[in-house]
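Novice: Please work out how this folds:
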Amino acid sequence: MTTSLVIISCLVGGVTGLIAGIKNHLAGAPLILAVAGAILGSIILTYVAVLTVKILIVAAIIVGIYYAVRWGRSLLGR
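Specialist: Residues are numbered from 1 along each chain as shown. Here you go, the predicted model:
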């Protein structure tokens, strides 16, 4: 799942960079700035994707512990 999120974020970053590069090139700005912005955007999107996966894993662990405690209490008859 992390791999697919990273691939999607890189694709989004690449497309964003391409669009920004074309727009900035038409506006007269250097293309290298648009490419640098795209790389930075891709890195940020990748970080957000990995952070989201970590949050989901922690949430799943918390829910699993909650249901394990409920199951244990039901076995003990409480």
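Novice: Who are the packing partners of the lengthiest helix in the chain?
Specialist: Scanning the chain for the longest helix, with DSSP state H as the assignment, gives helix 31-76. Packing contacts for helix 31-76, counted by 3 or more CB pairs under 8 Å, 6 or more residues apart in numbering; DSSP states H and E, involve helix 2-27. Every residue, glycine included, has its C-beta placed from N, CA and C.
Novice: Quick check: the gap between the residue nearest the centre of the chain and Gly37.
Specialist: In the chain, the centroid-proximal residue (CA atoms, centre = their mean) is Ala49; its distance is 1.2 Å. Using CB to CB, to the nearest Å, Ala49 is found at 18 Å from Gly37.
Novice: low-confidence ranges in this structure?
Specialist: For the chain, the stretches with pLDDT under 70 are 1-3, 5-6, 21, 23-29, 31, 34, 78.
Novice: ok, now with 80
Specialist: 1-39, 41-43, 45-46, 49, 78 (pLDDT under 80).
Novice: what number of residues lie near Val12?
Specialist: 16 (other CB atoms under 10 Å).
Novice: The closest residue to it other than its chain neighbours: neighbour count?
Specialist: Distances taken as CB to CB, 6 or more residues apart in numbering place Leu45 nearest to Val12, at 5.9 Å, with adjacent residues excluded. By other CB under 10 Å, 19 other residues sit near Leu45.
Novice: Please apply the same query to Leu51.
Specialist: Around Leu51 there are 10 other residues, counting by other CB under 10 Å.
Novice: Then Ile19?
Specialist: Ile19: 12 surrounding residues under other CB under 10 Å.
Novice: ok, it to Val63 distance?
Specialist: Counting by CB to CB, the gap from Ile19 to Val63 is 39 Å.
Novice: Could you tell me which residues make contact with Ser42?
Specialist: Ser9, Cys10, Val12, Gly13, Gly14, Thr16, Gly17 (CB atoms under 8 Å, 6 or more residues apart in numbering).
Novice: mind listing what the fourth one touches?
Specialist: In this case it means Gly13. Applying CB under 8 Å, 6+ apart, we find Gly13 in contact with Ala38, Ile39, Gly41, Ser42, Ile43, Leu45, Thr46.
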